[in-house]
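Participant: next come a sequence and a model predicted from it.
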Amino acid sequence: MAPNYPKIGMQNKEYTVNQLTDYKNNKRSNGLAALMVGMVAALTEEDIQKLAEYLSANTGAD
Ligand code: HEM
């Protein structure tokens, strides 16, 4: 995995909700954040909750 791409599995659910919500509200504009702003633009709050719930319990492929 490219070093600029963070590990997003097994994080605290609230942490992930906060990060995704910050992208959605344009509160994260550092580094490669623009990639993620585009990704979350179409997500609802419920989508974000469900994604964070899923990610908090799964590592995915490393
Ligand atoms: C379902 C799709 C995706 C989800 C749920 C997701 C989730 C996340 C989360 C939660 C973060 C924040 C990590 C942290 O702050 O610890 C993040 C950051 C990031 N993601 Fe995604 N992501 C997705 C798709 C993508 C795609 C398709 C790309 C590349 C084209 C991408 C590239 C990045 C990069 C480069 C960062 C770091 C950006 C920064 O420096 O702020 N992500 N992602």
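Facilitator: Yep, that arrived.
Participant: residues from this protein in reach of the ligand?
Facilitator: The chain comes close to the ligand at residues 4-6, 8, 16, 19-20, 28, 30-33, 35-36, 39, 51, as judged by Cβ under 6 Å from any ligand atom. No exception for glycine: its C-beta is placed from N, CA and C like everyone else's.
Participant: center of this structure - which residue?
Facilitator: L20 (4.3 Å; Cα atoms, centre = their mean).
Participant: that one contacts E53, doesn't it?
Facilitator: No: using Cβ atoms under 8 Å as the test, L20 is too far from E53 to be in contact (11.7 Å).
Participant: and L35, how many neighbours?
Facilitator: 11 (other Cβ atoms under 10 Å).
Participant: in whichever strand or helix holds L51, what counts as buried?
Facilitator: Per DSSP states H and E, L51 falls inside helix 45-56. Neighbour counts over helix 45-56 (16 or more other Cβ atoms under 10 Å) mark I48, Q49, L51, A52, L55, S56 as buried.
Participant: just stretch 28-35 next, same as before
Facilitator: R28.
Participant: one step back: alpha carbons of the host helix or strand of the residue nearest to the centre of the chain, in PDB - could you do that?
Facilitator: L20 is located in helix 13-24, with elements delineated by DSSP H and E. Output of helix 13-24 as PDB, limited to C-alpha atoms (Å, rounded to 0.1, in the frame of the first residue of the first chain):
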ATOM      1  CA  LYS A  13     -15.800   4.100  15.100                       C
ATOM      2  CA  GLU A  14     -16.200   7.700  16.300                       C
ATOM      3  CA  TYR A  15     -12.800   8.600  15.000                       C
ATOM      4  CA  THR A  16     -13.600   7.400  11.500                       C
ATOM      5  CA  VAL A  17     -17.000   9.100  11.600                       C
ATOM      6  CA  ASN A  18     -15.300  12.400  12.500                       C
ATOM      7  CA  GLN A  19     -12.700  12.100   9.700                       C
ATOM      8  CA  LEU A  20     -15.200  11.300   7.000                       C
ATOM      9  CA  THR A  21     -17.500  14.100   8.300                       C
ATOM     10  CA  ASP A  22     -14.600  16.600   8.200                       C
ATOM     11  CA  TYR A  23     -13.900  15.700   4.600                       C
ATOM     12  CA  LYS A  24     -17.600  16.200   3.800                       C
END
